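> here is a sequence with its predicted model. Questions after.
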Amino acid sequence: MVGYVLLIAIAVALSTAVFFYLKLYLPDERPECDVDIKLSIDYASCTLNRPTNPLFSTINLNITNRGLFKVEGAYVKIGDYNRAFRENLNLDLNLNSICNGNTSVLNPGEKFCKTYTYNLVPTQVQEISVQPVIWIENEPVLCPEAVVTKIVPCVAP
């Protein structure tokens, strides 16, 4: 009986030592976005293209950087209203558009406008979300507190 107690005590002591040893190698702080990063969706529309084959929808989107810092990318997603799952509309994070002079960075006050093709024909009201991304120390940092959303009904032309 004493042997079992000693084995359990040794196992607990070793696991505690390994935990604190490995904790030394984990970074203490993760880079975070500034609170003054703010995007706004000025305009969003969804148009169903039913007569064409294959079926798809066209999404028009205008975004403005209303924050105090530049935004170097964004995830643009669309999905059914009040659903957690949303599909990415942009394959890359670039914010190149004719509205901002085809630069990859959206400076404060600049606008971004783009038309996306959505490969599904939605049957419900859709919700578009935009999550800004900045680069800190050559690593992309998501800004979960700065996500903006807009409800968009998809209509036939």
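Thanks, I have the structure now.
> how about the closest residue in space to residue 82 that isn't next to it in sequence, what does it touch?
Nearest in space to residue 82, with sequence neighbours left out and distances taken as C-beta to C-beta, 6 or more residues apart in numbering, is residue 127 at 7.4 Å. Placement of C-beta: from N, CA and C, glycine included. Each residue near residue 127 by C-beta atoms under 8 Å, 6 or more residues apart in numbering is listed here: 78-83, 86, 149-152.
> PyMOL command for the buried members of those?
Buried residues among the contacts of residue 127 (16 or more other C-beta atoms under 10 Å), as a PyMOL selection:
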select buried, resi 78+79+86+150+152
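> same list, the contacts of residue 127, but as JSON lines with secondary structure, distance to residue 101 and pLDDT please.
Below are the contacts of residue 127 laid out as JSON lines (DSSP: H, G, I helix; E, B strand; the rest coil; distance: C-beta to C-beta, whole Å; pLDDT from 0 to 100):
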{"residue": "78", "secondary structure": "strand", "distance to residue 101": "26", "pLDDT": "90"}
{"residue": "79", "secondary structure": "strand", "distance to residue 101": "31", "pLDDT": "88"}
{"residue": "80", "secondary structure": "strand", "distance to residue 101": "35", "pLDDT": "87"}
{"residue": "81", "secondary structure": "coil", "distance to residue 101": "34", "pLDDT": "85"}
{"residue": "82", "secondary structure": "coil", "distance to residue 101": "37", "pLDDT": "80"}
{"residue": "83", "secondary structure": "coil", "distance to residue 101": "35", "pLDDT": "82"}
{"residue": "86", "secondary structure": "coil", "distance to residue 101": "29", "pLDDT": "87"}
{"residue": "149", "secondary structure": "strand", "distance to residue 101": "27", "pLDDT": "93"}
{"residue": "150", "secondary structure": "strand", "distance to residue 101": "24", "pLDDT": "93"}
{"residue": "151", "secondary structure": "strand", "distance to residue 101": "30", "pLDDT": "92"}
{"residue": "152", "secondary structure": "strand", "distance to residue 101": "26", "pLDDT": "91"}
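> farthest-apart pair in the contacts of residue 127, please.
83 and 150 (14.8 Å; C-beta to C-beta).
> which parts of the protein are strands?
All strands of the chain, identified by DSSP state E, fall at 39-49, 56-65, 73-80, 87-88, 111-118, 126-136, 139-142, 148-152, 154-155.
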